[in-house]
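*Asks:* Need a 3D model of the following:
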Amino acid sequence: MGTLKTEPARTRLDLLAPPVAAAIGQWPADAPVDVDDVLVAPIDAELADTAAFCAAYEVGLDVSANCVVVAGKREGVVRYAACVVLATTRADVNGVARRALDVRKASFAPMADAVELTGMEYGGITPIGLPEQWPILVDSRVIATPHVIIGSGVRHSKIALPGPALGALPGARVVEDLARPASR
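*Replies:* Numbering: from 1, shown residues only. A predicted model of the protein is given here:
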């Protein structure tokens with residue numbers, strides 16, 4: 001995990017957005033990943049964006065996961081979902097994610113909506129603690145990664161946890177080819 005100084009997230013709730021801290025506090029005892037395997041590390045908020053973070057903290061893009069909020073309308077109702085993909089890939093928003101939402105067209109949710117609905121900071125949105133009615137679509141490559149770094153709901157920290165834990169979150173669904181390799 002590069003040069004990150006991690007500790008169990010449940011002991012540092014001050015480094016998490018309120019919905020994330022609440023989810024950590026209610027972590028099921030029978031979850032496939034123990035709550036003490038969910039770690040958090042403080043970072044410089046100015047370095048929260050993926051490329052800057054990975055360079056500054058010596059974390060590979062292949063173990064860094066991004067969570068993007070997508071939206072689409074069906075019968076006048078906006079449907080939201082979170083897509084979790086590795087930083088080496090890009091979410092297939094208007095293909096796989098659109099079909100999963102069962103909408104005609106999907107796009108990234110507007111920043112103001114994503115922030116308001118999640119209670120998290122833009123650039124720090126994480127799949128832990130999202131609204132329970134939202135599906136969490138997790139690319140199968142994320143699950144195959146032994147440990148990944150994700151947002152913490154705020155820009156001044158990151159969470160490290162086993163990749164398979166993301167597929168076990170409430171509302172999570174592992175999706176093959178949710179993401180495509182990022183073009184460089």
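*Asks:* Break down this structure into its strands, ranges please.
*Replies:* Assigned by DSSP state E, the strands in the chain fall at 7-8, 39-42, 65-74, 77-86, 89-91, 106-108, 136-139, 148-151, 157-161, 172-175, 179-181.
*Asks:* Save these as a markdown table, and put in distance to E121, mean neighbour count and mean pLDDT too.
*Replies:* Quick note: C-beta positions are derived from backbone N, CA and C, even for glycine. Converted to a markdown table, those look like this (distance: least, CB to CB, whole Å; neighbours: other CB atoms under 10 Å; pLDDT from 0 to 100):
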| stretch | distance to E121 | mean neighbour count | mean pLDDT |
| --- | --- | --- | --- |
| strand 7-8 | 21 | 14 | 96 |
| strand 39-42 | 14 | 22 | 97 |
| strand 65-74 | 12 | 21 | 95 |
| strand 77-86 | 15 | 21 | 96 |
| strand 89-91 | 20 | 20 | 95 |
| strand 106-108 | 16 | 18 | 94 |
| strand 136-139 | 18 | 25 | 97 |
| strand 148-151 | 8 | 26 | 97 |
| strand 157-161 | 10 | 24 | 97 |
| strand 172-175 | 22 | 19 | 95 |
| strand 179-181 | 23 | 17 | 91 |
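*Asks:* Can you say which of those is nearest to M1?
*Replies:* Ranking these by proximity to M1 (CB to CB) places strand 157-161 first, at 5.1 Å.
*Asks:* partner strands of the closest one, parallel or antiparallel?
*Replies:* Strand pairing for strand 157-161, using DSSP bridges, gives strand 39-42 (antiparallel), strand 148-151 (antiparallel).
*Asks:* want to try a markdown table for those, with distance to G119 as columns?
*Replies:* Converted to a markdown table, these look like this (distance: least, CB to CB, whole Å):
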| stretch | distance to G119 |
| --- | --- |
| strand 39-42 | 17 |
| strand 148-151 | 13 |
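*Asks:* Which of the ones you listed sits closest to G76?
*Replies:* Relative to G76, the nearest member of the strands paired with strand 157-161 by CB to CB is strand 148-151, separated by 30.8 Å.
*Asks:* got the contact list for the closest one?
*Replies:* 1, 4, 48, 53, 59, 63-67, 84, 86, 120, 123-128, 142, 158-163, 166 (CB atoms under 8 Å, 6 or more residues apart in numbering).
*Asks:* again, only using 7 Å
*Replies:* Strand 148-151 is contacted by residues 1, 59, 63-65, 67, 124-126, 142, 158-161, 163 when judged by CB atoms under 7 Å, 6 or more residues apart in numbering.
*Asks:* sorry, back to before: any chance of the strands of the chain in CSV with distance to D14 as columns?
*Replies:* What follows is these, written out as CSV (distance: least, CB to CB, whole Å):
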stretch, distance to D14
strand 7-8, 11
strand 39-42, 9
strand 65-74, 21
strand 77-86, 24
strand 89-91, 30
strand 106-108, 29
strand 136-139, 25
strand 148-151, 16
strand 157-161, 9
strand 172-175, 26
strand 179-181, 32
